[in-house]
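Chemist: Got a predicted structure plus its sequence, pasted below:
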Number of protein chains: 2
Amino acid sequence: MKPIYQRIADDLREQIADGTLPPGAKLPTEADLREKYGTSARSTVRQGLSLLVNEGLIVPQRPKGYFVREIRPLVYRPQDEFRRKPPEVDIYTHLLASTGDERRPAQDIEVSIVEPGPTVRKRLQLSETDLVAVRRRTRRLDGEAYNLNDSYAPLSLVEGSEWMTPADVARGTNTVLAELGRELVRALDEIYVRMPTPEEVRRLDLGPGTPVAEHVVTTFAADDSPVQVTINVVPGDRHVIVYERVKDPRDEDRPRSNWGAE
Amino acid sequence: MKPIYQRIADDLREQIADGTLPPGAKLPTEADLREKYGTSARSTVRQGLSLLVNEGLIVPQRPKGYFVREIRPLVYRPQDEFRRKPPEVDIYTHLLASTGDERRPAQDIEVSIVEPGPTVRKRLQLSETDLVAVRRRTRRLDGEAYNLNDSYAPLSLVEGSEWMTPADVARGTNTVLAELGRELVRALDEIYVRMPTPEEVRRLDLGPGTPVAEHVVTTFAADDSPVQVTINVVPGDRHVIVYERVKDPRDEDRPRSNWGAE
DNA sequence: AAGTGGTCTAGACCACGCA
DNA sequence: GCGTGGTCTAGACCACTTA
């Protein structure tokens, strides 16, 4: 016999999965569940609900009750190359249309000079004593934070340039880098999936049970030396990360190009 | 004043972060903590510990105690993993090297015919009555599951072909698709970050507090019609996802290609 | 046998949003 | 003021692993 709290979680999880409890629906109260499962110790019911909270399926809204989580994923496209008329447009217009998206973007920008952490130092190939400049941005949609975007560049490169302006740079900071002789021609993306730190929970106002993707972009100049590292922290419940790939003719001589299939 | 259970979690989290409690270390027992924080209700202590469990920082090993999670087979060595030329190669050789390179890969393959779920149906542009074939694979390294890889194709396309062989296909299933006149030339990747379902926890033997990336690859033929959908479920604690991008000359006419920086 | 965490009981008081 | 979830008390018995 399964423990009561697991039965509670399993039953509710199934109701959420099959649509009996659609997104936004109110769940039974703790008292309801206590009665229904004959347990009558609140902790047992709460233990079951906490499973679902930590799975990101429900959120408690005190003192209104528990509600099925509503997700509004935004498309997060590290790439920017959609020039065919692709079927994926259907997928995403659908995703976005269903959320009725007229949210206004905004962002906070802070620029400072710091000692790089090991992640940044390694990717920028800096020595122990080198300093970096960092543009920290918290990007919002109608006030709701939806990702963190911290760009790091060697201080020796960007010092005194417009890159360090703590405001939007109309022609783009990458244009500034190009003007400094460091045009970006190649990028390496690494994506780590993990639970957020308390700091990230605070900055992004994350609910419990929300994992994040840490998206580290290292960009290189034409001589293959690194120019900039950007660390994006994107909440799993607010984004889908999208890439498009086209068959590269240079792959022809390879035995199998697997496309992620095997 | 913060609640006791949060103080417990905060204190332990800090000790884990600063190395006082290194990976693999044993935490104080519930009884120890009860005494130390003067709370003497087990539930309070357990509430604090459960925070850390759900953050993926610690794991309970009954009845030995709680231990700091040992993970991140992806931690980079302070070496030259970012050399010139294709850096991603270095990352992966490093990844394998750091995990003890002699692990033998294996996989279970099952093939069946099912009604597609909405995710698959939409991406394959199927009607309500169309069926799909699915190759479900659980891929292992020395017995430890490290990802799930389910490929879906229209039954009408692959029926009777080698694609449906429930075993490794030496020349690759994509070659089989090419022989069927549906060579894959383009792919759309979507990455969703979320907590795993109980089913995934079981198949991948995930610890608590381990998020997953659901990596959906839709592949297209030369005529831009979808051929196959592959859903990879990859545990966050065992993988880093890497893409490399090269500046596309066709992007020149665009005002700003952002490289993920803004 | 001892010690650990897993589950559960039967209460208590509090903080907060809403009617 | 009422109902909700948030926190906490002070116990109980059980399952499992190791000594």
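Modeler: On my side now, so go ahead.

Chemist: Could I get the phi/psi values of residue A:7?
Modeler: Backbone torsions for residue A:7, taken as degrees, to the nearest 10, come to phi -60, psi -40.

Chemist: which non-adjacent residue is nearest it?
Modeler: Excluding its sequence neighbours, the residue lying closest to residue A:7 (C-beta to C-beta, 6 or more residues apart in numbering or on different chains) is residue A:37, at 6.9 Å. (C-beta placed from N, C-alpha, C; glycine too.)

Chemist: Next, see if the host helix or strand of residue A:241 gets close to chain B.
Modeler: Counting by DSSP states H and E, the element that carries residue A:241 is strand A:239-246. Yes - Strand A:239-246 lies within reach of chain B by C-beta under 8 Å from any C-beta of the partner chain, at A:239, A:240, A:241, A:242, A:243, A:244, A:245, A:246.

Chemist: Quick check on those: which are buried?
Modeler: Buried members of the residues of strand A:239-246 next to chain B, scored by 16 or more other C-beta atoms under 10 Å in any protein chain shown, are A:239, A:240, A:241, A:242, A:243, A:244, A:245.

Chemist: Paired strands for the strand holding residue A:241, with orientation please.
Modeler: Applying DSSP bridges, strand A:239-246 is found paired with strand A:74-76 (parallel), strand B:186-194 (antiparallel).

Chemist: Is it possible to get JSON lines of those strands that adds mean neighbour count and distance to residue A:187?
Modeler: Below are these laid out as JSON lines (neighbours: other C-beta atoms under 10 Å in any protein chain shown; distance: least, C-beta to C-beta, whole Å):
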{"stretch": "strand A:74-76", "mean neighbour count": "17", "distance to residue A:187": "15"}
{"stretch": "strand B:186-194", "mean neighbour count": "22", "distance to residue A:187": "15"}
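
Chemist: ok, of the ones you listed, where does mean pLDDT dip lowest?
Modeler: The minimum mean pLDDT among the strands paired with strand A:239-246 belongs to strand A:74-76 (a mean of 77).

Chemist: re earlier: in JSON lines: the strands paired with strand A:239-246, plus distance to DNA strand D.
Modeler: Below are the strands paired with strand A:239-246 laid out as JSON lines (distance: least, C-beta to the nearest atom of the strand, whole Å):
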{"stretch": "strand A:74-76", "distance to DNA strand D": "27"}
{"stretch": "strand B:186-194", "distance to DNA strand D": "21"}
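
Chemist: Using CSV, lay out these together with distance to residue B:221.
Modeler: CSV is the format used below for those (distance: least, C-beta to C-beta, whole Å):
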stretch, distance to residue B:221
strand A:74-76, 24
strand B:186-194, 8
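
Chemist: Compare those strands and give me the one nearest DNA strand C.
Modeler: Proximity to DNA strand C (C-beta to the nearest atom of the strand) singles out strand B:186-194 among the strands paired with strand A:239-246, at 22.7 Å.

Chemist: and after that closest one, which helix or strand comes next?
Modeler: Following strand B:186-194 in sequence, per DSSP H and E, is helix B:198-204.

Chemist: Next one: that following helix, is it in contact with DNA strand C?
Modeler: No - on the criterion C-beta under 7 Å from any atom of the strand, helix B:198-204 is out of touch with DNA strand C, staying 13.1 Å away.

Chemist: Give the other helices and strands that that helix contacts.
Modeler: Packing partners of helix B:198-204 (3 or more C-beta pairs under 8 Å, 6 or more residues apart in numbering or on different chains; DSSP states H and E): strand B:144-154, strand B:226-235.

Chemist: what do you get if the cut-off is 10 Å, keeping everything else the same?
Modeler: helix A:4-17, strand B:132-141, strand B:144-154, strand B:212-220, strand B:226-235 (3 or more C-beta pairs under 10 Å, 6 or more residues apart in numbering or on different chains; DSSP states H and E).

Chemist: and of the ones you listed, who's closest to residue B:62?
Modeler: With C-beta to C-beta, the closest approach to residue B:62 among the helices and strands packed on helix B:198-204 belongs to helix A:4-17: 16.1 Å.

Chemist: can you list contacts of the closest one?
Modeler: Residues outside helix A:4-17 that contact it (C-beta atoms under 10 Å, 6 or more residues apart in numbering or on different chains): A:1-3, A:20-23, A:25, A:27-28, A:33-34, A:36-39, A:41, A:43-55, A:57-58, A:66, A:68-69, B:197-198.

Chemist: Could you rerun that using 6 Å?
Modeler: Applying C-beta atoms under 6 Å, 6 or more residues apart in numbering or on different chains, the contact partners of helix A:4-17 are A:21, A:33, A:37, A:39, A:44, A:47, A:48, A:51, A:52, A:57, A:68.

Chemist: And DNA strand D, is that helix touching that?
Modeler: No - Helix A:4-17 is not in contact with DNA strand D by C-beta under 7 Å from any atom of the strand; minimum separation 11.9 Å.

Chemist: so which of the buried ones among the residues of strand A:239-246 next to chain B would you say is closest to DNA strand D?
Modeler: So of these, ranked by how close each gets to DNA strand D (C-beta to the nearest atom of the strand), first place is residue A:239, at 25.0 Å.

Chemist: what does the model give the closest one for pLDDT?
Modeler: 87.

Chemist: Run through the residues that contact the closest residue to it other than its chain neighbours.
Modeler: Leaving out its chain neighbours, the residue that sits closest to residue A:239 by C-beta to C-beta, 6+ apart is residue A:76, at 4.3 Å. By C-beta under 6 Å, 6+ apart, the contact set of residue A:76 is A:234, A:239, A:241.

Chemist: and the stretch 51-200 of chain A, which residues reach DNA strand C?
Modeler: A:62, A:63, A:64.

Chemist: Repeat the analysis, applying 6 Å as the threshold.
Modeler: residue A:63 (C-beta under 6 Å from any atom of the strand).

Chemist: And whatever residue of the stretch 51-200 of chain A ends up closest to chain B, how close does it get to residue A:126?
Modeler: For the stretch 51-200 of chain A, the residue closest to chain B is residue A:193, as judged by C-beta to the nearest C-beta, at 3.2 Å. Using C-beta to C-beta, to the nearest Å, residue A:193 is found at 27 Å from residue A:126.

Chemist: got the CA coordinates for whichever strand or helix holds residue A:120 in CSV?
Modeler: Residue A:120 is located in helix A:118-124, with elements delineated by DSSP H and E. Taking Å, rounded to 0.1, in the frame of the first residue of the first chain, the C-alpha atoms of helix A:118-124 are listed here in CSV:
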residue,chain,number,x,y,z
PRO,A,118,36.3,30.7,-12.8
THR,A,119,33.5,30.2,-15.4
VAL,A,120,34.1,33.5,-17.1
ARG,A,121,37.9,33.6,-16.6
LYS,A,122,38.3,30.2,-18.3
ARG,A,123,36.2,31.1,-21.3
LEU,A,124,37.8,34.4,-21.8
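
Chemist: which residues are contacting that helix?
Modeler: For helix A:118-124, the surrounding residues in contact (C-beta under 6 Å, 6+ apart) are A:152, A:218, A:226, A:229, B:82.
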